[in-house]
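[1] build the 3D model from these lines:
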Amino acid sequence: IRDRTSIVVPLLFQEEIISLGQDLLIRYGQDRIDLILYLITTISSTPLALPVWIYAVLGAMLGFEPARLIIVMGLGSMSGSIITYFVARYFGKSRFIKKNFPNIENHPWTHGRSKRVISVILFLGAASPIPFDIMYAACGMKRFPIALFAPITFISFSIKFTYLFYGYDLIKNYIDFNL
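    From the prediction side, this is the model:
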């Protein structure tokens, strides 16, 4: 549901989202926007559907410092994904899950080759613009190591926000140069 919602919400409410982002960025400036962006990206990376990628583009439009914006948004997205991870890990021990999925913990996700494959899938999924929350929940239920999960998601999200930020900047510069 979140995947569909994350695609539809920006299309339906694009002007309102951009307006809210502009108001926040202009009102608080770069000094205090870090906390706001961290909270927004944390919330958006939980199963709630907020299209946070718009704020990376909006930050580029408003000329905010790229590295700082990317790091703050990467940390926020990682934090939200960790929340999803731990919620799924907690509910993975519930009676409902154990009854309906008796072999949920009997999988080699945390050993050898499977750990490497899951790490690559997690990295590529988090770096893509497509919401990947089901994988974060699956990692929690399957007890994928959090010490590996956290840095992979931070690096992946930072890469995603980097190409969103600089992609917009590149397109803007190309259009400005050719006009």
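
[2] CA only for contacts and neighbour counts going forward, please
    Noted.

[3] next one, pLDDT for residue 102 please.
    Residue 102 is assigned 69 on the pLDDT scale.

[4] do the same with the one 3 residues further on
    Note on residue 105: pLDDT of 65.

[5] try the one 10 residues further on
    According to the per-residue confidence, residue 115 scores 84 in pLDDT.

[6] do the same with residue 153
    pLDDT recorded at residue 153 is 93.

[7] cool, the one 3 residues further on as well?
    For residue 156, the pLDDT comes out at 93.

[8] tell me who's in contact with the spatially most central residue of the chain.
    Nearest to the geometric centre of the chain sits residue 77, at 4.1 Å (CA atoms, centre = their mean). By CA atoms under 8 Å, 6 or more residues apart in numbering, the contact set of residue 77 is 38, 41-45, 153-154, 157.

[9] TSV please, covering those and showing distance to residue 115, secondary structure and neighbour count.
    Shown next, in TSV, are those (distance: CA to CA, whole Å; DSSP: H, G, I helix; E, B strand; the rest coil; neighbours: other CA atoms under 10 Å):
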residue	distance to residue 115	secondary structure	neighbour count
38	29	helix	22
41	27	helix	26
42	25	helix	25
43	27	helix	20
44	26	helix	20
45	23	coil	26
153	15	helix	26
154	18	helix	23
157	20	helix	26
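
[10] out of those, which is nearest to residue 122?
    Looking at the contacts of residue 77 and their distance to residue 122, the nearest is residue 153, at 7.3 Å (CA to CA).

[11] now do the helices in the protein.
    In the chain, the helices defined using DSSP state H lie at 2-44, 53-62, 66-91, 95-100, 112-127, 133-141, 146-178.

[12] count of neighbours near the closest residue to residue 129 other than its chain neighbours?
    Once flanking residues are discounted, residue 129 sits nearest to residue 160: 7.0 Å by CA to CA, 6 or more residues apart in numbering. By other CA atoms under 10 Å, 21 other residues sit near residue 160.

[13] off-centre distance for stretch 147-166?
    Relative to its parent chain, stretch 147-166 has a centroid offset of 8 Å by CA atoms, centre = their mean, to the nearest Å.

[14] state the distance from the closest residue to residue 82 other than its chain neighbours to residue 100.
    Closest residue in space to residue 82, ignoring its immediate chain neighbours: residue 150 at 7.0 Å, by CA to CA, 6+ apart. According to CA to CA, to the nearest Å, residue 150 stands 28 Å off from residue 100.
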